[in-house]
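Q: quick one: sequence plus predicted model below, questions after.
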Amino acid sequence: MIDIKTKVQDKFSIEFKISFLVRRKLKKNDFAVNTWLFIPNSLDINQQTYSKNQFYSDVKSNVRLITPVFPLREITDMVIHKNLKDSFHTLASDPTKTNKREFEHEIKMFGAIFKSALRDECYHILEKAIEQDVDVEYLVSDAIENLKTITTNYRELRKIINVPTISANVLNYFWFVDEFMAEAIEQYIYQLIDAIPNSKKHNSIRNLLVKYAKKEEKYKLEKGYTVVKPDDPANNRELLFRFGILKRFVESDLFLKVFKKRDGLLVEQIYFSLAAGISMIFATTIAFYTQLKYGNFTIPLFVALVVSYMLKDRIKDLMRFYFVQANKEKYFDNKTTISLKDNPIGFSKEGMDFITEEMIPQEIMKIRARSPLVEAGNRISDEKIILYRKIIKINREKMVANSKYVFSGINDVMRFYITRIIQKAVTPDAPLYIADDEGKLSTIITEKMYYLNIIMEMLFEEQTNYKRYRIVFSRNGIINLESL
């Protein structure tokens, strides 16, 4: 199964979070995602102005494991007592490099699972309970009790490793996760407070949340962690920066190592060698024929050699182009090996090409569903179309064998930057005019918009699903992302 979530990351980038969910019954899981980008012709994006290298520099991709899912109430039993606590005791009694790495891995996984569970719990309360006004008080009270239990049990574990055999650097890993948890709790608790209506009916719930948030803030001050200060912008910038580093530290074990290289390089060189051979056969044939007919050291032979040499290079270039075009659907631009703990668990391939409308499947053109006006305009200046292909292969058995945790698959978090695409967009402000009943003219300044249509085809086993998005933007950046 393939799932896609999108969001506007900032004014010039869109994030596509593509989840590749493996099936337990399959040893090897094969996925494919084909993406068509329909770009307005007026932006002057084509093979001459927008190269493959530029495209790949505009597509930033991070591959990571999907965080194991646990309800908040189950984290203590399922994680701390089984994996986390054992790693603390093992490290304290035998602080080898291997045990230090295992300890670091376990607390990172705990922090990542905790944050994911807290986020899901808060979103459930925000999206379900508050909107429907059902079980809000129970859910909030239960969440706070679970958070108290989890944080108390985690913080008690410090006593296990507070021994002479453990260095300060290793102990810092414990404090990093502790600070990360405290900051995450504050952020999500305040989101809940902001969402819950400020009314008599919900006063007790809001007070409960505020009380718990203040308790965590007090704990942070006691431990010397950075807290929000309304009148200190420098402190708040430092807090945001520090939380970002803590987040990367905690989630670092979920990110998979990738090694990217060009795909089909050997085959490409073989094809290019064949092209050179064919062109040489042509030139040699012309030279032999002319020599046999006119003899050595004659003007016709001289002319034939010059012409054959000129045509030889052209034939070689044409044959190279033919081989590339004939095999571009079979081969990709890049191949990336995906590894977990330095053990390969799969790979991905990606390819990008400008294509014509005739090369697009009819199903995709139906989904594109151009309006009659756009269709008429395309007769004069057609849209430029980019096809971005990606395949992912995951060996589930290898993925499971390299971790204690059960992962449902991987996330490919891809950010697409449109800065280069909008370079030739016209000035966004354009005047419109309107007159009232008395003939008085008014000028209305509006924004010149462009539309970038994206259609994604997702293939897994026998399933084929489609998604269509439309990025609305101007010279100033992205205005909206629509799911159609």
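A: Thanks, I have it.

Q: got the buried residues for stretch 210-217?
A: Residues of stretch 210-217 classed as buried by neighbour count (16 or more other Cβ atoms under 10 Å): 212-213, 216-217. C-beta here means a position set from N, CA and C on the backbone, and glycine is covered the same way.

Q: got those residues as a markdown table, with distance to Asp437, pLDDT and secondary structure columns?
A: Shown next, in a markdown table, are the buried residues of stretch 210-217 (distance: Cβ to Cβ, whole Å; pLDDT from 0 to 100; DSSP: H, G, I helix; E, B strand; the rest coil):
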| residue | distance to Asp437 | pLDDT | secondary structure |
| --- | --- | --- | --- |
| Tyr212 | 61 | 89 | helix |
| Ala213 | 57 | 89 | helix |
| Glu216 | 62 | 89 | helix |
| Glu217 | 61 | 89 | helix |
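
Q: mind picking out the helix or strand in the chain with the poorest mean pLDDT?
A: Sorted by mean pLDDT, DSSP states H and E, the helices and strands of the chain end with helix 372-378, the least confident at a mean of 45.

Q: for the next helix or strand after that one, which strands pair with it and how are they oriented?
A: Once the chain leaves helix 372-378, the next helix or strand it forms, by DSSP states H and E, is strand 384-395. Next to strand 384-395 in the sheet, as set by DSSP bridges, lie strand 28-39 (antiparallel), strand 343-355 (antiparallel).

Q: kindly reformat those as JSON lines containing mean pLDDT and distance to Asp436.
A: Listed next are the strands paired with strand 384-395 as JSON lines, based on pLDDT from 0 to 100; distance: least, Cβ to Cβ, whole Å:
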{"stretch": "strand 28-39", "mean pLDDT": "89", "distance to Asp436": "40"}
{"stretch": "strand 343-355", "mean pLDDT": "84", "distance to Asp436": "49"}
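
Q: between those strands, which one is nearest to Leu239?
A: strand 343-355 (36.2 Å; Cβ to Cβ).

Q: list the buried ones in the closest one?
A: Taking 16+ other Cβ under 10 Å as the criterion, strand 343-355 shows 345-354 as buried.

Q: and that strand, how far out from the chain middle?
A: Relative to its parent chain, strand 343-355 has a centroid offset of 14 Å by Cα atoms, centre = their mean, to the nearest Å.

Q: what's it in contact with?
A: Identification of contacts with strand 343-355 by Cβ atoms under 8 Å, 6 or more residues apart in numbering yields 46-47, 52, 55-56, 63, 256, 263, 328, 331-339, 384-395, 398-399, 402, 412.

Q: can you pull out the strands in the stretch 351-484 of the chain?
A: For the stretch 351-484 of the chain, strands defined by DSSP state E, counting those that start in this stretch occupy the ranges 384-395, 409-417, 429-435, 441-447, 450-460, 463-474, 477-483.

Q: now for the buried residues of stretch 210-217: which two are most distant?
A: Tyr212 and Glu217 (9.8 Å).

Q: ok, what's across the strand from Ser348?
A: Thr336, Ile392.

Q: ok, it to Gln9 distance?
A: Plainly put, Ser348 is 21 Å away from Gln9 if you go by Cβ to Cβ, to the nearest Å.

Q: returning to that earlier point: is there a quick ChimeraX command that grabs whichever of the contacts of strand 343-355 are buried?
A: Command for ChimeraX that selects the buried part of the contacts of strand 343-355, burial taken from 16+ other Cβ under 10 Å:
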select :55,56,63,256,263,328,331,332,333,334,335,336,338,339,384,385,386,387,388,389,390,391,392,393,394,395,398,399,412
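
Q: tell me the buried residues in stretch 422-438?
A: Buried residues in stretch 422-438, defined by neighbour count with 16+ other Cβ under 10 Å: 422, 425, 428.

Q: nearest to Ile471, of those residues?
A: Nearest to Ile471 among these, with distances taken as Cβ to Cβ, is Ile422, at 10.1 Å.

Q: okay, the closest one: pLDDT?
A: You'll see Ile422 listed with a pLDDT of 87.

Q: next, the contact list for it, please.
A: Ile422 sits next to 12, 43, 450, 473-475, 477 when contact means Cβ under 8 Å, 6+ apart.

Q: of the residues you listed, closest to Val170?
A: Closest approach between those and Val170, by Cβ to Cβ: Phe12, at 41.1 Å.

Q: and Asp232, how many neighbours?
A: 12 (other Cβ atoms under 10 Å).

Q: wait, which of the buried residues of stretch 210-217 is closest to Leu171?
A: Once Cβ to Cβ is applied, the member of the buried residues of stretch 210-217 that ends up nearest Leu171 is Glu216, at 21.2 Å.

Q: against Val210, how distant is that closest one?
A: 11 Å.

Q: any residues touching whatever helix or strand Asn53 lives in, and which ones?
A: In this structure, Asn53 sits in helix 52-58 according to DSSP H and E. Residues from elsewhere that reach helix 52-58, judged by Cβ under 8 Å, 6+ apart: 333-334, 352, 386, 388, 416-421.

Q: helix, strand, or coil at the spatially closest residue to His89 that is not a sequence neighbour?
A: Closest residue in space to His89, ignoring its immediate chain neighbours: Ile160 at 6.1 Å, by Cβ to Cβ, 6 or more residues apart in numbering. Here Ile160 takes the helix state, with states given by DSSP: H, G, I helix; E, B strand; the rest coil.

Q: could you check the pLDDT of Tyr138?
A: 83.

Q: tell me where the stretch 51-200 of the chain has helices.
A: Here the stretch 51-200 of the chain has its helices, by DSSP state H, counting those that start in this stretch, at 52-58, 75, 85-93, 97-124, 131-132, 136-156, 158-161, 168-195.

Q: okay, now Asp10: neighbour count?
A: Asp10, neighbours per other Cβ under 10 Å, totals 11.

Q: so how far is Glu447 from Ser93?
A: Taken as Cβ to Cβ, the span from Ser93 to Glu447 is 66 Å.

Q: quick one: which of those two has more around it?
A: Glu447 (14 against 11).

Q: the more buried one and Ala435, how far apart?
A: 22 Å.

Q: which residues sit in contact with the nearest residue to Thr151 once chain neighbours are set aside?
A: Nearest residue to Thr151, sequence neighbours excluded (Cβ to Cβ, 6+ apart): Met181, at 6.4 Å. For Met181, the contacting residues are 111, 114-115, 151, 154, by Cβ under 8 Å, 6+ apart.

Q: measure Met181 to Glu104 for me?
A: From Met181 to Glu104 the distance is 16 Å (Cβ to Cβ).

Q: surely Cys122 meets Ile193?
A: No. With contact defined as Cβ atoms under 8 Å, Cys122 and Ile193 do not form a contacting pair (10.8 Å).

Q: same drill for those two, tell me which one is more crowded.
A: More crowded of Cys122 and Ile193, by other Cβ under 10 Å: Cys122, with 22 against 18.

Q: nearest spatial neighbour of the more buried one, skipping sequence neighbours?
A: Per Cβ to Cβ, 6+ apart, closest to Cys122 is Tyr188, 4.4 Å.

Q: what about the one you found, how many residues nearby?
A: 21.

Q: for it, give me the pLDDT.
A: At Tyr188, pLDDT is 90.
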